[in-house]
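Participant: I would like the atomic coordinates for the input below:
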Amino acid sequence: MKTGTFFIGLIGFSVFAAEIGPPVQTAPYPLSALVRAIHWHWDTYQIAATGSDLWPLTWGPDDSLYAAWGDGGGFGGSDSDCRVSLGFAKIEGDPQHFRGINLNGGKNPLHPASFPKKGKTDGILFAGESLYATINLQDGTWPNVNHVLAWSLDKGATWTKADWLFPGGKGHFEPAKFLNFGKAYAGVPARLSGYIYLFGPAFDDTPTGRGKSLYLARAPSDKIRGPRALEFFSGIDSAGKPSWQPAFEFAKPAFTDVNGVSPGAVTYDPGLNRYLLSCFHTGPGQLGIFDAAQPWGPWTTVGYYENWGEMTRTGEGLSCEFPSKWISPDGLTLWCVFSVYGEGAKKGIKAHDKFNLVKVSLRLN
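Facilitator: You can find the predicted model right below:
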């Protein structure tokens, strides 16, 4: 396959063959002044865990990556073989030679499934010795579903759910992706220290139920398990500092794409001292990559695609993350783990419903 990216105006096109169909969408932010180009090394593309999707990741204290999947058997399983609603795994080794081990649920797990029939997660985070996950309880009809914070103190073997909920329904915050930093949450810049950060959309009446904006919440690291610890980014004050409010009704978007948003994912790249945000605007080929000096923006566009991986618009772009462990010291070489679903995802690189891994490099201005 051919690789690479070029830009026309504010729209980034893959050098894969152009898709015939509706006009491409315009990127929501101006081009990055720092990152000149992003290159996807499709010759490094690897797959695993066919039949399992989602795949959020975090860097654990034992130097392993920890991951979660939905609706499958995890590593070594399939869509039907040892299928669970939600499972957890760890990944050992480097990206060229990794080994996935099912910790909780799935094929030959080290521990039985905590969420065998119901439950999904878009985001996980290791902070110290605690592994956190945002759990969609699947207790209603989307988007009228409740979410709960859960944590594991034994590296994913068993889980405890909070006794309070993130309520579902129109206008409510959907807790999705944690902001990831270094190993076990090390390397948080001083300006953000002492807090755990969480991104997510707001439920609405659009076909995806997720609208066009992502919001940012935070909680003190030692109080995140409590019911009233969360506060929401509510804009920049007159001194140029972020403002935080305890009620979501006062929240301001941290990121907006008029073409739509998925749960998104944000990772701190210490080599560049920048935050990288990846977000599908709808289908598996409709991916945007953005950068900013702060996790609330302002954002600029690194890449914006309508036919990424030749996977078109049909289906869903679920998740795209750059694991902190696999970012080079200079911040220019990364590895992307992504999950896509549907008819479009079965085309091009054929990434439908599996663990997908590809090397990425950035070129600076």
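
Participant: in stretch 69-85, what counts as buried?
Facilitator: Of the residues in stretch 69-85, 69-78, 82-85 count as buried by neighbour count, 16 or more other Cβ atoms under 10 Å. Where C-beta positions appear, they are placed from N, C-alpha and C, glycine not excepted.

Participant: ok, so of those residues, who is nearest residue 359?
Facilitator: Closest to residue 359 out of the buried residues of stretch 69-85 is residue 75 (20.2 Å), distances taken as Cβ to Cβ.

Participant: pull the contacting residues for the closest one.
Facilitator: 48-49, 89, 100-102, 106-107, 355 (Cβ atoms under 8 Å, 6 or more residues apart in numbering).

Participant: among the buried residues of stretch 69-85, which ones are in strands?
Facilitator: 69-72, 84-85 (DSSP state E).

Participant: quick one on the thing from earlier: now the two most distant members of the buried residues of stretch 69-85.
Facilitator: That would be 76 and 85, which, of the buried residues of stretch 69-85, are the farthest apart (Cβ to Cβ) at 17.7 Å.

Participant: below-threshold pLDDT in this structure: ranges please.
Facilitator: Flagging of the chain using pLDDT under 70 yields the residue ranges 1-24.

Participant: tell me the centre residue of it?
Facilitator: residue 265 (3.3 Å; Cα atoms, centre = their mean).

Participant: what's the burial count for residue 102?
Facilitator: 28 (other Cβ atoms under 10 Å).

Participant: now it, what's its secondary structure?
Facilitator: Under DSSP: H, G, I helix; E, B strand; the rest coil, residue 102 falls in the strand class.

Participant: contacts only, for it.
Facilitator: Here residue 102 is in contact with 73-77, 87-89, 108-110 (Cβ under 8 Å, 6+ apart).

Participant: let's see it at 10 Å
Facilitator: Contact analysis of residue 102 by Cβ atoms under 10 Å, 6 or more residues apart in numbering lists 49, 52, 67, 69, 73-77, 82, 84, 87-90, 108-111, 113, 156.

Participant: strands of the stretch 1-150 of the chain, start to end?
Facilitator: 5-8, 11-14, 35-48, 53-59, 65-72, 84-94, 97-104, 120-127, 130-136, 147-152 (DSSP state E, counting those that start in this stretch).

Participant: do the stretch 201-350 of the chain as well
Facilitator: 213-220, 231-236, 242-245, 255-256, 265-269, 274-280, 287-292, 300-304, 316-321, 333-341.

Participant: so what strands line up beside the shortest one?
Facilitator: Right, strand 255-256. Using DSSP bridges, the strands paired with strand 255-256 in its sheet are strand 213-220 (antiparallel).

Participant: so which bits of the partner strand are buried?
Facilitator: For strand 213-220, by 16+ other Cβ under 10 Å, it's 213-219.

Participant: check stretch 174-187 too.
Facilitator: 174-181, 183-185.

Participant: show me which pair in these is furthest apart.
Facilitator: 174 and 183 (27.7 Å).

Participant: now for the residue nearest to residue 113 when sequence neighbours are not counted, how many residues are close by?
Facilitator: Spatially, and ignoring its direct neighbours in sequence, residue 113 is nearest to residue 105 (3.0 Å; Cβ to Cβ, 6 or more residues apart in numbering). Per other Cβ under 10 Å, the neighbour tally for residue 105 reads 29.

Participant: so how far is residue 255 from residue 105?
Facilitator: Per Cβ to Cβ, to the nearest Å, residue 105 is found 32 Å from residue 255.

Participant: what of residue 84?
Facilitator: When residue 84 is compared with residue 255 (using Cβ to Cβ), they lie 32 Å apart.

Participant: from residue 302, how far out is the closest residue to residue 305 other than its chain neighbours?
Facilitator: Nearest residue to residue 305, sequence neighbours excluded (Cβ to Cβ, 6+ apart): residue 287, at 5.0 Å. Distance, residue 287 to residue 302, using Cβ to Cβ: 11 Å.

Participant: and what of residue 281?
Facilitator: 14 Å.

Participant: between these two, which one's more packed in?
Facilitator: Just comparing residue 281 and residue 302: by other Cβ under 10 Å the higher neighbour count belongs to residue 302, 26 against 23.

Participant: OK, contacts around the closest residue to that one other than its chain neighbours?
Facilitator: Nearest non-adjacent residue to residue 302, counting by Cβ to Cβ, 6+ apart: residue 289, 4.2 Å away. The contact partners of residue 289, taken as Cβ under 10 Å, 6+ apart, are 5, 12, 27, 32, 35, 38, 276-279, 301-305, 308, 320, 322, 336, 360, 362.

Participant: from these, list just the buried residues.
Facilitator: For the contacts of residue 289, buried by 16+ other Cβ under 10 Å: 5, 12, 27, 32, 35, 38, 276-279, 301-305, 308, 320, 322, 336, 360, 362.

Participant: re the thing from before, isn't the residue nearest to the centre of the chain right up against residue 288?
Facilitator: No - applying Cβ atoms under 10 Å as the test, residue 265 and residue 288 come out as separate, 11.4 Å apart.

Participant: can you list residues touching both of the two?
Facilitator: Taking Cβ under 10 Å, 6+ apart as the contact rule, residue 265 and residue 288 both touch 277-280, 320.

Participant: and of these, the nearest to residue 144?
Facilitator: Closest to residue 144, out of all of the shared contacts of residue 265 and residue 288 and judged by Cβ to Cβ, is residue 280, at 22.7 Å.

Participant: tell me the spacing between the residue nearest to the closest one when sequence neighbours are not counted and residue 170.
Facilitator: Spatially, and ignoring its direct neighbours in sequence, residue 280 is nearest to residue 317 (2.6 Å; Cβ to Cβ, 6+ apart). Residue 317 is 23 Å from residue 170, where distance means Cβ to Cβ.
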